[in-house]
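Chemist: Predicted model follows, preceded by the sequence.
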Amino acid sequence: MSKTATPLTQLSAWKALESHAESIKPKHLRELFAVDPERGTRLAVDAEGIYFDYSKHRITDETIKLLLQLAEESGLKSHIEAMFTGEKINITENRAVLHTALRAPKSAKVLVDGEDVVPEVHKVLDAMAAFSDRIRSGEWKGFTGKPIKNVINIGIGGSDLGPVMAYEALKHYSQRNLTFRFVSNIDGTDFAEATIDLDPEETLFIIASKTFTTLETMTNAHTARSWTLAKLKDEKAIAKHFVAVSTAEKEVTKFGIDTANMFGFWDWVGGRYSMDSAIGLSTMLAIGPDNFKKLLAGFHSMDQHFRNTSFDKNLPVLMGLLTVWYADFFDAQTVAVLPYDQYLKRFPAYLQQLTMESNGKHVTLSGAKVNYETGPIFWGEPGTNGQHSFYQLIHQGTHLIPCDFIGFAKTLNPLGEHHDFLMANVFAQAEALAFGKTAEEVAAEGTAADLVPHRVFEGNRPSSTLLLENLTPEALGKLVALYEHSVFVQGIIWQIDSFDQWGVELGKVLAKKIIGELEKNGEGLKHDASTNELITRYLKLKK
Ligand code: F6P
């Protein structure tokens with residue numbers, strides 16, 4: 001990535017999009033479909049087992065042409081190659097960005113500083129598989145000789161959200177005699193509730209932390225150690241009940257976990273891009289090494305698609321460009337992700353870190369303040385639950401909220417007519433958002449005149465629909481990689497570093513300082529008047 005790229009707003013495609021957007025804004029999706037019914041099948045891509053319908057967007061062929069031109073002018077193609085080939089594109093941390101190497105087949109070669117990283121990746125995967133087999137079969141015994149029945153992943157951010165999401169998403173494939181819990185919050189309630197009914201003799205902790213210094217994770221890890229030793233009363237028990245997943249061997253040793261029980265990864269894997277590294281150990285324990293391989297295969301095939309497919313048929317490219325379109329030309333502040341599958345209930349939460357920690361940036365690679373919007377807010381809930389809470393605002397509120405609907409043709413739990421009812425709702429919501437209901441239509445139903453405005457649906461509210469056959473490990477890998485690469489596309493267009501996260505630092509530093517002050521009972525507080533007062537009251541109240 002060049003620090004001296006032409007500023008985004010000076011690219012000719014950007015300028016053309018600005019005036020083009022003005023011509024699109026007055027157009028209604030009703031009109032766009034009426035004059036061009038074929039758009040419903042033309043503005044869609046069927047690739048990698050994902051049918052991506054983007055026809056219900058406020059776009060024409062011209063919009064796509066200009067967005068694709070924007071991608072070209074931004075040098076997207078060479079940036080993709082730079083990422084895949086291990087260039088240090090995370091410039092503020094001087095690191096390569098190679099989550100794609102985590103799912104590369106054994107035969108691939110990916111060089112970082114002249115060294116092929118693929119053999120190391122597979123070595124760790126093999127070690128994870130051997131360990132998983134021992135736990136899943138009951139061969140691995142706890143300190144008192146009992147097999148492991150409970151696995152608790154302790155981690156936060158990328159060391160938690162991916163594992164939780166994947167566990168929930170793939171629960172159908174999980175070994176049901178193992179219980180999985182996830183502790184992330186520094187709030188002691190998280191640990192207390194996760195362990196309240198568990199026996200330390202049968203419990204394995206995975207301490208997952210790239211840096212092994214994160215306050216939340218280390219605090220929970222120390223509590224877990226005390227909880228284990230309170231019952232097992234022998235330091236030697238730690239080797240049987242604790243494993244670490246980290247890039248920081250020294251820190252792991254310092255904590256007291258034998259590096260023989262450590263599964264490593266590398267600084268070129270960002271936390272929010274790490275669920276397919278050893279950070280996915282809990283996923284592998286739950287679904288088994290073979291299913292984990294299928295998950296990786298799904299990721300890899302989306303990687304190949306992203307790298308090799310022309311942009312006009314490229315799922316992450318189209319998806320990323322549409323996000324840019326609304327954020328920058330329609331002032332859309334958010335994107336709603338609405339999976340119609342209960343197993344994907346943590347998918348929006350997972351995407352929040354992926355998208356917002358990546359693209360929540362306000363300076364370009366050269367450090368200049370941007371004069372356009374960057375990463376929108378991602379949020380969502382599984383359907384149909386959301387329909388009975390926030391969809392009102394999406395349909396009739398004043399905000400424009402592009403939506404991603406995600407649905408599967410086959411259910412993993414066929415129960416009566418549930419699945420058809422579920423999917424009918426996906427199609428109905430996207431249709432209602434796009435086409436709405438006019439005042440004439442409402443009045444024709446005999447609605448009292450004073451109620452007509454309340455019952456009108458303006459429509460013209462955009463959405464994508466992603467339709468897949470079945471929620472398999474492979475499909476999940478493809479979906480996650482799709483969003484990962486879409487985030488990449490957005491970051492390239494916005495000329496930002498999608499792979500650093502300096503915005504989380506200040507709060508961490510201040511919290512550390514305040515911890516010291518709390519220990520000294522608030523002596524000599526030198527914050528602003530508000531913070532001083534809050535700390536003082538807290539100390540008084542807790543007495
Ligand atoms: O504070 C943000 C962050 O650095 C994330 O990027 C990361 O996923 C999370 O903290 C956890 O970090 P670690 O895995 O090093 O404990």
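Modeler: That came in fine, so what should we check first?

Chemist: Could you report the neighbour count for the residue lying closest to residue 373 once chain neighbours are set aside?
Modeler: Of all residues not flanking residue 373 in the chain, residue 327 sits nearest, at 4.7 Å (CB to CB, 6 or more residues apart in numbering). All C-beta atoms are positioned from the backbone trio N, CA, C, and that covers glycine. Look at residue 327: counted by other CB atoms under 10 Å, it has 24 neighbours.

Chemist: From residue 499, how far off is residue 327?
Modeler: Counting by CB to CB, to the nearest Å, the separation of residue 327 from residue 499 is 19 Å.

Chemist: Would you agree the residue nearest to residue 373 is in contact with residue 377?
Modeler: No. At 10.0 Å, residue 327 does not count as touching residue 377 under the criterion of CB atoms under 8 Å.

Chemist: what residue is smack in the middle of the protein?
Modeler: The centroid of the chain falls nearest to residue 351 when counting by CA atoms, centre = their mean (2.7 Å).

Chemist: Please report phi then psi for that one.
Modeler: Main-chain dihedrals, residue 351, degrees, to the nearest 10: phi -70, psi -30.

Chemist: Spatially nearest residue to it, not counting backbone neighbours?
Modeler: Using CB to CB, 6+ apart and skipping residues adjacent in sequence, the residue nearest residue 351 is residue 378, 5.1 Å away.

Chemist: Am I right that the one you found is in a helix?
Modeler: No. Residue 378 sits outside any helix when classified using DSSP: H, G, I helix; E, B strand; the rest coil, being strand.

Chemist: What is the neighbour count of the residue of the stretch 201-350 of the chain found nearest the ligand?
Modeler: Of all residues in the stretch 201-350 of the chain, residue 271 sits closest to the ligand, at 2.5 Å by CB to the nearest ligand atom. The number of residues packed around residue 271, counting by other CB under 10 Å, is 24.

Chemist: Pretty sure residue 91 sits against residue 365.
Modeler: Yes. Residue 91 is in contact with residue 365 according to CB under 8 Å; the separation is 6.0 Å.

Chemist: These two: which has the busier surroundings?
Modeler: Neighbours per residue, other CB under 10 Å: of residue 91 and residue 365, the larger number sits with residue 365, 19 against 16.

Chemist: which SS state does the more buried one fall under?
Modeler: coil.

Chemist: ok, it to the ligand distance?
Modeler: Using CB to the nearest ligand atom, to the nearest Å, one obtains 19 Å as the distance from residue 365 to the ligand.

Chemist: again with residue 477
Modeler: Distance from residue 477 to the ligand, by CB to the nearest ligand atom: 19 Å.

Chemist: Can you name the element that comes right after the longest helix belonging to the chain?
Modeler: Looking across the chain with DSSP state H, the single longest helix is helix 473-494. The helix or strand immediately downstream of helix 473-494 is helix 505-519, counting by DSSP states H and E.

Chemist: related to what we said a few turns ago, you'd agree the residue nearest to residue 351 is up against residue 356?
Modeler: Yes. Assessed by CB under 8 Å, residue 378 is found in contact with residue 356 at 6.2 Å.

Chemist: And these two? Which one has more around it.
Modeler: residue 378 (23 against 19).

Chemist: For that one, give me its contacts.
Modeler: 334, 335, 336, 337, 348, 351, 352, 355, 356 (CB atoms under 8 Å, 6 or more residues apart in numbering).

Chemist: Pull the most distant pair out of those.
Modeler: 336 and 356 (13.8 Å; CB to CB).

Chemist: what's around the closest residue to residue 264 other than its chain neighbours, how many residues?
Modeler: In this structure, residue 264 finds its nearest non-sequential neighbour in residue 124, 5.9 Å apart by CB to CB, 6+ apart. Applying other CB under 10 Å, we find 19 residues neighbouring residue 124.

Chemist: you'd agree residue 124 is up against residue 269?
Modeler: No. Counting by CB under 8 Å, residue 124 does not reach residue 269; the two are 11.0 Å apart.

Chemist: Now the common contact residues for the two.
Modeler: residue 277.

Chemist: returning to that earlier point: hang on, the residue nearest to the centre of the chain packs against residue 486?
Modeler: No. Contact criterion CB under 8 Å: residue 351 and residue 486 do not qualify, at 10.0 Å.
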